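Student: sequence isn't available, so here's the structure alone:
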């Protein structure tokens, strides 16, 4: 599946590869930081960093497999997969991978809210201490 202009094909392909390589490098660096930093330095945030990096590696992998490209034909706009697995299922998995970061954000904000608002409550503090 290619565009009519070969320059657009090359530009889009090599740009995607560059961004994917940079994303893998930065996320594996975050894995390294989360595993090697002492508990005093980043504390429980290392779990958040680890899950964000894992979610981004998953998303980036699906992006490479599907290679979604938004297309416009007249007044219609849609997303089509131009990669190895550009089927409707692949696009659905890509869209699902896009939403993985939101539950991590929600858990993080709820955790911070409960800990900051009820610092003196031993039940809340012990409940979250057991999870980590």
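Tutor: Arrived safely. These figures come from a predicted structure and were not determined experimentally.
Student: buried residues in stretch 23-39, which are they?
Tutor: For stretch 23-39, burial by neighbour count (16 or more other CB atoms under 10 Å) applies to 23, 27, 30, 34. Glycine gets a C-beta too; all of them are placed from N, C-alpha and C.
Student: err, stretch 106-115, not the other one
Tutor: Neighbour-count burial for stretch 106-115 flags residue 111 (criterion: 16+ other CB under 10 Å).
Student: now that stretch: mean pLDDT?
Tutor: Throughout stretch 106-115, pLDDT has a mean value of 73.
Student: cool, stretch 10-21 as well?
Tutor: Computed over stretch 10-21, the average pLDDT equals 86.
Student: now find how far off-centre that stretch is within its chain.
Tutor: Mean-position distance between stretch 10-21 and its chain equals 18 Å (CA atoms, centre = their mean, to the nearest Å).
Student: can you give the contact residues for that stretch?
Tutor: Residues outside stretch 10-21 that contact it (CB atoms under 8 Å, 6 or more residues apart in numbering) are 3, 60, 63-64, 67, 69.
Student: what do you get for stretch 90-98?
Tutor: For stretch 90-98, using CB under 8 Å, 6+ apart, the contacting residues are 55, 58-59, 62-63, 65-66, 68, 79-81, 83.
Student: residues in contact with the spatially most central residue of the chain?
Tutor: In the chain, the centroid-proximal residue (CA atoms, centre = their mean) is residue 56; its distance is 2.6 Å. Residue 56 sits next to 23, 27, 101 when contact means CB under 8 Å, 6+ apart.
Student: which residues touch the first one?
Tutor: This means residue 23. By CB under 8 Å, 6+ apart, the contact list for residue 23 reads 56-57, 60.
Student: tell me which element it is part of?
Tutor: For residue 23, the element it lies in under DSSP states H and E is helix 6-36.
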